[in-house]
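Chemist: how would this look folded up:
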Amino acid sequence: MVNVNFSNSKILIIDDEEDLLNLLETYLQKEGFNNILKSSSGLDGINTCSRENPDIIILDVMLPDIDGFEVCSRLRKFTYVPILFLSAKEEEVDKLLGLGIGGDDYITKPFSLKEVAFRIKAQLRRKYYLDNEPKNDDPKSAYEFGDIIIDECKSLVLKNGAEVELTAKEFQLLLYLAKNPNHILSKRKLYEAIWGEEYMGDDNTIMVHIRHLREKLEDDPGIPQYLVTVKGLGYKLVVKES
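Modeler: Okay, the predicted model is just below:
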């Protein structure tokens, strides 16, 4: 594993609990993070993110002005950096909502500070690998299937010529499938490739992202033509040979 230096990574923590903000800041500094920003409200967090361009965001769901889900939706209009939700809500629907609107991870309270630091490092490590992935001398920058075009260089997806808005993880997942057309990819393979963490058997993360991709790309999400489930094995992107 490549030894990634996290010391200069800029972390933005958005939480209205001052004690928790200070506790996270102190612990993360001990873990070697030297650039930590704090916001105590959703709107201030959005403004801080726009101004400071952090590398990762820790976002509480319960905030005094607008909730974390709304903050995440607004952030995703101008940034694709990893977002980790903190929440006292343990219900599956809340986790799926957080992941579905663009979150990259969901940590329920109470949590260990060590776990938070581990998850931050995992997301930053994955971001580093993506940013520093070796490029071919003549890389393929566009992938086309049916009425859909994926432009890797511009991080752009078009359907019938119209731009489709995807979250960062949705785009990465779709691009990975497009680079392996007509190949069955297991949930473990997809999760470890896109989320950069060991797959622990939780299917919900993959399922919700596939569902959202189908809703945005398929003419009939209930009968997908492209993003096909292979029962018991995983998923594949069906591309007809020219």
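Chemist: next structured bit after the lengthiest helix in the chain?
Modeler: Using DSSP state H to assign secondary structure, the helix with the most residues in the chain is helix 113-131. From helix 113-131 onward toward the C-terminus, using DSSP states H and E, the following helix or strand is strand 142-145.
Chemist: what about dumping the CA coordinates of that next one to CSV?
Modeler: Only the C-alpha atoms of strand 142-145 are listed here, as CSV (Å, rounded to 0.1, in the frame of the first residue of the first chain):
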residue,chain,number,x,y,z
ALA,A,142,-15.1,8.9,-23.9
TYR,A,143,-17.3,5.8,-23.6
GLU,A,144,-20.6,5.5,-25.5
PHE,A,145,-23.4,3.0,-25.2
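Chemist: residues of it that come out buried?
Modeler: Applying a neighbour-count criterion of 16 or more other CB atoms under 10 Å, the buried positions in strand 142-145 are 143, 145. Where C-beta positions appear, they are placed from N, C-alpha and C, glycine not excepted.
Chemist: please compute how far it lies from its chain's middle.
Modeler: What separates the centre of strand 142-145 from the centre of its chain is 22 Å, taken as CA atoms, centre = their mean, to the nearest Å.
Chemist: equivalent analysis for stretch 32-43, please.
Modeler: Centroid displacement of stretch 32-43 relative to its chain, using CA atoms, centre = their mean, is 19 Å.
Chemist: which strands or helices does the helix or strand bottoming out on mean pLDDT in the chain pack on?
Modeler: Ranked by mean pLDDT, DSSP states H and E, the helix or strand of the chain with the weakest confidence is helix 92-100, at a mean of 78. Packing partners of helix 92-100 (3 or more CB pairs under 8 Å, 6 or more residues apart in numbering; DSSP states H and E): helix 68-75, strand 83-87, strand 105-108, helix 204-217.
Chemist: for Leu158, which of these is the nearest?
Modeler: The minimum distance between Leu158 and the helices and strands packed on helix 92-100 falls on helix 204-217, with 10.4 Å, by CB to CB.
Chemist: ok, back up a step: give me the angle between the least confident helix or strand of the chain and helix 68-75.
Modeler: Calculated by axes from the mean of the first three to the mean of the last three CA atoms, to 10 degrees, helix 92-100 forms an angle of 10 degrees with helix 68-75.
Chemist: want to throw the helices and strands packed on helix 92-100 into a markdown table with mean neighbour count, mean pLDDT and distance to Tyr143?
Modeler: As requested, those are arranged in a markdown table below (neighbours: other CB atoms under 10 Å; pLDDT from 0 to 100; distance: least, CB to CB, whole Å):
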| stretch | mean neighbour count | mean pLDDT | distance to Tyr143 |
| --- | --- | --- | --- |
| helix 68-75 | 21 | 92 | 27 |
| strand 83-87 | 24 | 91 | 26 |
| strand 105-108 | 18 | 88 | 27 |
| helix 204-217 | 19 | 90 | 13 |
